[in-house]
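Enquirer: Only the shape, not the letters, is given here:
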């Protein structure tokens, strides 16, 4: 059944991605960007079946409040933010109808929805047609609470993006270009350098929002930085640094259990499949 969908932030890359996917299924899709708040846009909101918010993290809650004043009570209110507790609570507070929190764990440049994951945080009401539509497009939907989501993403996005940022800017400071390292690296480190380059090919404002717009992420980054500094001091000054390192390494290895063997096998398969790709790209 054809639905009327309004995407707020529809001129952004992620908004455009979802607009294209919904349009291919013959839904009526309208977009509102920051300069589009006029009578026609408000008409789209008042008559939509889904208001999907795809705006920067730091403006999400205020946009939720604004959108909720215009949509009808039967419309689904959803967001695509990478932080979920605050936006979900805001949607539940300002909109009395169906609410769902969504987080695409991929970037807007994907070529296909296959194997791409969207995390779903249930809010209120019947949002089944939206979830079914996302599955029809090809996305994999994984359900978890908003609290669980933010804890997981604090590590996956906060710590991971922060360490990538620090490594990239540290290489810049030392004037060591990753391209110079690439030809001397093994495939697994070529993969790491490629990921580094991929991150720095994105919008800096996006990653600044991901890292700086959540207090829990800031606190964990500070804790991680202190832990890292502590180990740097041990390695630099402690006469027993080598044995301490080995003991801590083996403790973590034991705690991870079978995950280490699984990771070894999976990464071997991955690396065998990408070596030819690296060589092809390099030769071209």
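Expert: Looks like it came in fine. Only a predicted model underlies this, so the values are computations on that prediction, with no experimental measurement involved. Numbering: from 1, shown residues only.
Enquirer: hmm, who's touching the longest strand belonging to the chain?
Expert: Longest strand in the chain by number of residues (criterion: DSSP state E): strand 117-124. With contacts defined as C-beta atoms under 8 Å, 6 or more residues apart in numbering, strand 117-124 is touched by 84, 88, 91-92, 97-106, 131, 134, 139-146, 149. Bear in mind the C-beta positions are built from the backbone N, C-alpha and C, glycine included.
Enquirer: on contacts alone, who are the packing partners of the next helix-or-strand element following that strand?
Expert: Once the chain leaves strand 117-124, the next helix or strand it forms, by DSSP states H and E, is helix 128-137. Counting contacts by 3 or more C-beta pairs under 8 Å, 6 or more residues apart in numbering; DSSP states H and E, helix 128-137 packs against helix 13-24, strand 99-104, strand 140-143.
Enquirer: avg pLDDT for helix 128-137?
Expert: Averaging pLDDT along helix 128-137 gives 97.
Enquirer: and it, how far out from the chain's middle?
Expert: 20 Å (C-alpha atoms, centre = their mean, to the nearest Å).
Enquirer: tell me the contacts of residue 56?
Expert: Residue 56 neighbours (C-beta under 8 Å, 6+ apart): 205-206, 209.
Enquirer: if we go to 7 Å?
Expert: residue 209 (C-beta atoms under 7 Å, 6 or more residues apart in numbering).
Enquirer: How about the backbone phi and psi for the most far-flung residue of the chain relative to its centre?
Expert: Centroid-distance maximum for the chain: residue 239 at 41.6 Å, with C-alpha atoms, centre = their mean. Phi and psi for residue 239, reported as degrees, to the nearest 10, are phi -70, psi -20.
Enquirer: Tell me the confidence at it?
Expert: At residue 239, the pLDDT value in this model is 89.
Enquirer: How about the contacts made by it?
Expert: Going by C-beta under 7 Å, 6+ apart, residue 239 touches no other residue.
Enquirer: and what of residue 177?
Expert: Residue 177 touches nothing, counting by C-beta under 7 Å, 6+ apart.
Enquirer: Can you say which of the helices and strands packed on helix 128-137 is nearest to residue 216?
Expert: The closest of those to residue 216 is strand 99-104. By C-beta to C-beta, the value is 15.3 Å.
Enquirer: pLDDT weak spots in the protein?
Expert: For the chain, the stretches flagged by pLDDT under 70 are 274-284.
Enquirer: which residues of it fall in helices?
Expert: Taking DSSP state H as the test, the helices found in the chain are 13-24, 39-46, 57-68, 85-94, 128-137, 146-153, 160-174, 178-182, 187-200, 204-212, 215-237, 241-256, 259-283.
Enquirer: looking at those, which is closest to residue 116?
Expert: Closest of the helices of the chain to residue 116 is helix 128-137, at 9.3 Å (criterion: C-beta to C-beta).
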